[in-house]
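1. Prediction below, plus the sequence it came from.
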Amino acid sequence: MATQVQFGDSLSYKRRWYKSLAFREAMWGYIFTVPVFLIFFIGLVGLPILFTFYLTFFNWDGLSPLANMKFIGLWHYGRIIRGMLNTLPFGLFNLADADTRAAEAFWHAANFTIGSLIGQLSLGLAMALVVHQARRGVGFMRLIFFMPVVLPGVAINLLFANVLYQPLWGLLNQLFAYFHVPLSFQNFLGGPGWLLNPATAMRSIITMQVWQWAGYYMILYLAGLQSIPETYYDAAKVDGANAFQRFWHITLPLLRPTIALTVVVNIIGSMQVFTPVQLMTQGGPARATEVTVLLIFNTTFGYFKYSYGATMAFILFLIILTLSLLQLRLLRAGESIL
Amino acid sequence: MGRDEFIRQSDSNLARDMAKTRLDSPALLGSLRFRSLLTGLFILAFALVGTITMFLPIFWMAISGFKSLEEIRAIPPQLFPEVWLWQNYVAVWQVTPLGRSFLNSLFIGLSQVAGVVITSTMAGYAFAKLRFPGRDIMFVMILSTLMVPFFLQAIPLFVIMARLGWINTYQAQIVPFLASGFGIFLMRQFMLTVPTELIDAARIDGCSEFGVLWRIVLPLVKSAAAALSIFVFISSWQDLFWPLLVAKQANYYPIQQAIYFIQGQYDANEHLLMAAGTMAILPPLIMFIILQERMVQGITLTGLKG
């Protein structure tokens, strides 16, 4: 106690401002955060985003000097939005100077998102429920179902695109024929034409994606399930609730926060799908799987339409942002009702 | 347990009787046992089907890497090759420097892990435990970058890399990923749980701020740092978008791009493609077998990012 008074307080000598504890704390705070913040979050994220936004109002090929960029206002936006209106069902609109290709890419990304969202989350939940019920082999099942997640996506895509999905001699079609799997189920998964049929190509990519990633969602749901106290189920059993009622009235409401977050995370990720499409179909056949990020990649770095690519990127960002904010709002509203 | 607890907690005789009749009557007991048997069988069937579904494709890839082209395309399918063709692997190795790609991936992944862990620990500590003007606004701005998809920054980032002359370098694949908003958020959340008294005690004992971070705080948030490392390392080999842009020479390919390149080179040579794919999944698979529990825990901790 005595030493503290002697050295720590201002009794013995006059303190200077830069020796004060508050200043030292703030100084270390800035040393730890400001360089990281300025270099990585302003320099490599913030400014690039502002530049992307700035580009959307110009015409730039990525090569000519920035000073020569031509200002074109909202022309890019107009083309894409008119294209989106034109691709609405029933031919409601038929506007001139519309980029239907970009609009279709958005719909393809949405298609992929809906498919993989429903597939991954429902399968992941089903797997989690079964694994949670098991008395033995929980660790084993968890590992087996989770394994594909850690493998490089490209190798998995390579395998499905070149061997499993091959229509003539591919393993899946041969297994389906051997076990007499009904054609409707084959169609549901994307067979028997798989990636070669424009009508089923996207579904095949979704099937592969679900195979690889369902285990990831299983792990997350399993963590959620384990946090639900067992006594709730015992009480419900004593009250005579059957298995479905227990699931509907206990499991689902208590898993709600986990489900909400996985839905948002999945939408954000799936709308940006690139790697599987680039490796398996490169947008084909007949552009049936051309998703937005692939089109952004090709438009920008293939055709050197940097500003047009930037516009698509910005619109996709706005769509993702709206969807995830809406989703969070909806789920939060549901929570308060319950 | 459920029954005992129920009985203990309830004070009415009626409830006690109900619990007794529901759970102890012989007919019901039989049906419960029958039910749990059914459940067990269902779980077993599920585990079996699941295991086959998860393993078969990977097993098929591994086995196909040793087959000849005719054996891969055989109708009906042929399980094992007549002769195990090890030369498939040699052929793949010759078209692109695959060993170099493995090392590239390892180097890029580990550099990203080191960068993210260092920047996230430092910034996370400052945001959790130090007070300074502008702290909260900075943290909110960093958090908001979590909503930004990579493709939105990719175009200007590529222009920056090109102007710096960083195309075909390692820097281009490492530097943009040395800090992560998610990492900072994760570390901050964990450091909030470290008692401030502990930090103050160390400071009074004359420990510098770096010392506090290194000796006191870091050991307490080790599990979060490990989870973050695994997360960063796995995501470093999942992305193809950025390597396709900045690595144009085979020498700088990470493994995922080498695989993409091989697919272009060996179109319709499925046996060689499968050999390449098998090699690409082998190191991650071995890593997974060694670290399995830790990786699952890591994903549970970091899972909410995706």
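-> Sure thing, it's come through.
2. Going by neighbour count, which residues in the longest helix belonging to chain A are buried?
-> Scanning chain A for the helix with the most residues, using DSSP state H, yields helix A:100-133. Within helix A:100-133, the residues scored as buried using 16 or more other CB atoms under 10 Å in any protein chain shown are A:100, A:102-106, A:108-113, A:115-117, A:119-121, A:123-125, A:127-133. Just so you know, the C-beta spots here come from the backbone N, C-alpha and C atoms, and that holds for glycine as well.
3. Stretch B:255-274 too?
-> B:255-263, B:266, B:269-274.
4. Could you list which of those belong to strands?
-> Counting by DSSP state E, no part of the buried residues of stretch B:255-274 is found in strands.
5. So among those, where is pLDDT lowest?
-> In terms of pLDDT, B:Y266 ranks lowest among those, with 84.
6. Thought B:L272 was touching it, still the case?
-> Yes. Counting by CB atoms under 8 Å, B:Y266 does reach B:L272; the two are 4.6 Å apart.
7. Would you map out the domains in chain B?
-> Using automatic domain parsing, the domain ranges for chain B come out as B:2-64, B:96-302.
8. Pick the most deeply packed of those domains.
-> Of all the domains of chain B, domain B:96-302 carries the top mean neighbour count, a mean of 19, counting by mean count of other CB atoms under 10 Å in any protein chain shown.
9. quick check, distance from that one to the centre of its chain.
-> 11 Å (CA atoms, centre = their mean, to the nearest Å).
10. which residues do B:Y266 and B:L272 both contact?
-> B:V92 (CB atoms under 8 Å, 6 or more residues apart in numbering or on different chains).
11. circling back: and the domains of chain B as a markdown table, adding distance to A:G193?
-> What follows is the domains of chain B, written out as a markdown table (distance: least, CB to CB, whole Å):
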| stretch | distance to A:G193 |
| --- | --- |
| domain B:2-64 | 19 |
| domain B:96-302 | 18 |
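12. Can you flag the weakest of those by average pLDDT?
-> domain B:2-64 (a mean of 71).
13. just the strands in the chain please.
-> This is for chain A. Under DSSP E, chain A gives strands at A:58-59, A:70-71.
14. Which of the ones you listed sits closest to chain B?
-> Nearest to chain B among the strands of chain A is strand A:58-59; the distance by CB to the nearest CB comes to 12.4 Å.
15. Just give me the residue right at the centre of chain A.
-> A:G269 (1.1 Å; CA atoms, centre = their mean).
16. Low-confidence bits of chain A, can you list those?
-> Flagging of chain A using pLDDT under 70 yields the residue ranges A:1-15, A:331-338.
17. And the residue of it that's closest to chain B?
-> A:D234 (3.0 Å).
18. Can you show me the helices along the stretch 1-150 of chain A?
-> A:2-3, A:21-36, A:47-55, A:75-86, A:100-133, A:138-150 (DSSP state H, counting those that start in this stretch).
19. Distance to chain B for these - can I get that in TSV?
-> Formatted as TSV, the helices of the stretch 1-150 of chain A follow (distance: least, CB to the nearest CB, whole Å):
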stretch	distance to chain B
helix A:2-3	10
helix A:21-36	4
helix A:47-55	4
helix A:75-86	13
helix A:100-133	5
helix A:138-150	5
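20. do you know which of these lies nearest B:Q173?
-> helix A:47-55 (16.6 Å; CB to CB).
21. list the buried ones in the closest one?
-> Using 16+ other CB under 10 Å as the test for burial, helix A:47-55 gives A:P48, A:I49, A:F51, A:T52, A:L55.
22. Pretty sure B:L301 sits against B:A227.
-> Yes. Taking CB under 8 Å as the definition, B:L301 is a contact partner of B:A227 at 4.1 Å.
23. shared neighbours of these two, which are they?
-> B:L186.
24. nearest residue to B:I262 other than its sequence neighbours?
-> The shortest distance from B:I262 to any residue other than its chain neighbours is 4.7 Å, reached at B:A276 (CB to CB, 6 or more residues apart in numbering or on different chains).
25. Sorry, wrong one. I was asking about B:I230.
-> In space, and not counting its chain neighbours, B:I230 is closest to B:G298: 4.0 Å by CB to CB, 6+ apart.
26. can you give me the angle the helix or strand the one you found falls within makes with helix A:138-150?
-> Using DSSP states H and E, B:G298 sits in helix B:270-302. On the basis of axes from the mean of the first three to the mean of the last three CA atoms, to 10 degrees, helix B:270-302 is oriented at 120 degrees to helix A:138-150.
27. Give me every residue in the stretch 201-338 of chain A lying close to chain B.
-> The stretch 201-338 of chain A has residues A:211, A:215-216, A:219-220, A:223, A:230-231, A:233-235, A:237-238, A:261-262, A:265-266, A:268-269, A:271-272, A:274-275, A:278-279, A:293, A:296-297, A:300-301, A:306, A:309-310, A:313-314, A:316-317, A:320-321, A:324 near chain B, with proximity defined as CB under 8 Å from any CB of the partner chain.
28. In helices, which of these appear?
-> A:211, A:215-216, A:219-220, A:223, A:230-231, A:233-235, A:237-238, A:261-262, A:265-266, A:268-269, A:271, A:275, A:278-279, A:293, A:296-297, A:306, A:309-310, A:313-314, A:316-317, A:320-321, A:324.
29. hmm, which of those are the buried ones?
-> A:211, A:215-216, A:219-220, A:223, A:233-235, A:237-238, A:261-262, A:265-266, A:268-269, A:271, A:275, A:278-279, A:293, A:296-297, A:306, A:309-310, A:313-314, A:316-317, A:320, A:324.
30. Please report how far B:N168 lies from chain A.
-> 15 Å (CB to the nearest CB, to the nearest Å).
31. my read is that residue is in a helix, agree?
-> No. Assigned with DSSP: H, G, I helix; E, B strand; the rest coil, B:N168 falls outside any helix and is coil.
32. nearest spatial neighbour of it, skipping sequence neighbours?
-> Once flanking residues are discounted, B:N168 sits nearest to B:Q249: 4.9 Å by CB to CB, 6+ apart.
33. Check B:G65 too.
-> B:A275 (3.7 Å).
34. who touches A:T292 in this structure?
-> Going by CB under 8 Å, 6+ apart, A:T292 touches A:A102, A:A105, A:F106, A:H108, A:A109, A:M271, A:M312, A:L316.
35. Farthest pair within these?
-> Among the contacts of A:T292, A:A102 and A:M271 lie farthest apart (CB to CB), at 14.4 Å.
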